[in-house]
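Participant: no sequence for this one, just the structure:
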């Protein structure tokens, strides 16, 4: 049977169109910022623009805010360098912390071959890893498990509600705790300053709610520390740099509106992991709750994992990074090694973690 060369070429073209092969992108560290002092944010080059219907947003109000102002790409798909640039400029996040955060995000929830991460859910803009070694889709930060998890501040548990979009009733509950236990301000009024006590009591209440309402609650030790870290991040990075306090109007602008408040200044010095850790530890120890999970019979089974100085590092780079990334070659392997080293650099003194998470299906 004779087959026309034209038909052959057309067939090959159609296959290539349907299954495009993108070249890998070598990830490199961006330069460190030259200005790490107090600065009014946003500047004129970064006005607030509400996200369009196809723009990706997710469970992190800080990243959503950066995208709404163009400090991150407004479509919600960012590279390693763009995440570092956006978080250091917008929030004066310490360079090493921003780098470790970006590295973890791309390894756990993004595409390390193409240097892309969705701050929301999966998107056609980010194909799966070569060979689909981490599942059929690149899930994004909003997918339940590695980054997003149960007992969030303003998102519901995935088993009982929307775990990505802002939930007004949860934020109103947070405001009620600040109204009872917050600090006073001569500017914003009595009980209008968010403090560790109000956040701690609110988080305990959220734990009790999830225990009562979520039959599939998953709250292992790693997730517990990361969820309390959300509050530590908010207290450190959302505070106005003019007085280092987080007022109710400022918190409302970030959480409810996902935009920088008027007359807001980032911190006068870069926010480090250690600084976030102090807030996180204080919020947890004021009103501690136990890590664990709900068994099928409804019993809450305690997680008795031992916590040491390297626990958080191993939870991030070990428990939540797919083990399949270790069996890669070429540009992907170079990127994986670079990103793992970047996370390790944030936790100096810890032996290198071994990724062992299963596919993100």
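Facilitator: It's in. If you're wondering where the values come from, they're calculated on a predicted model, not measured in any experiment.
Participant: contacts and neighbour counts: CA atoms only from here.
Facilitator: Will do.
Participant: Who are the contact partners of residue 94?
Facilitator: By Cα atoms under 8 Å, 6 or more residues apart in numbering, residue 94 lies in contact with 88, 270, 271, 272, 273.
Participant: Roughly how far does it sit from residue 342?
Facilitator: 13 Å (Cα to Cα, to the nearest Å).
Participant: The strand ranked longest in the chain pairs with which strands?
Facilitator: Of all the elements of type strand in the chain, the one with the most residues (DSSP state E) is strand 189-194. Strand 189-194 has the following sheet partners, assigned by DSSP bridges: strand 183-185 (antiparallel), strand 246-247 (antiparallel).
Participant: List the buried residues for the next helix-or-strand element following that strand?
Facilitator: Next along the chain after strand 189-194, taking DSSP states H and E as the criterion, comes helix 196-213. By neighbour count on 16 or more other Cα atoms under 10 Å, the buried set for helix 196-213 is 196-207, 210-211.
Participant: Which among the strands paired with strand 189-194 is found nearest to residue 360?
Facilitator: strand 246-247 (36.0 Å; Cα to Cα).
Participant: residues making contact with stretch 168-176?
Facilitator: So stretch 168-176 is contacted by 153, 154, 155, 199, 202, 248, 255, 256 (Cα under 8 Å, 6+ apart).
Participant: Max pairwise distance over those: which two?
Facilitator: Farthest apart among the contacts of stretch 168-176 by Cα to Cα are 155 and 248. That separation is 18.5 Å.
Participant: between those two, which one's more packed in?
Facilitator: Neighbours per residue (other Cα atoms under 10 Å) separate residue 155 from residue 248, with residue 155 holding more: 24 against 19.
Participant: And for residue 308, the neighbour number?
Facilitator: Count around residue 308 with other Cα under 10 Å applied: 8.
Participant: What pLDDT does the model give it?
Facilitator: At residue 308, the model reports a pLDDT of 91.
Participant: Over to residue 17?
Facilitator: pLDDT, residue 17: 37.
Participant: What distance do you get for residue 30 to residue 135?
Facilitator: Counting by Cα to Cα, the separation of residue 30 from residue 135 is 29 Å.
Participant: For residue 283, list the residues it contacts.
Facilitator: Taking Cα under 8 Å, 6+ apart as the test, what residue 283 contacts is 196, 197, 199, 200, 228, 231, 232.
Participant: how about it, secondary structure?
Facilitator: Three-state assignment for residue 283 (DSSP: H, G, I helix; E, B strand; the rest coil): helix.
Participant: Can you tell me how far it is from residue 216?
Facilitator: Counting by Cα to Cα, the gap from residue 283 to residue 216 is 25 Å.
Participant: Repeat that for residue 131.
Facilitator: Residue 131 is 31 Å from residue 216, by Cα to Cα.
Participant: closest to residue 287 out of the strands paired with strand 189-194?
Facilitator: Among the strands paired with strand 189-194, the nearest to residue 287 by Cα to Cα is strand 183-185 (18.0 Å).
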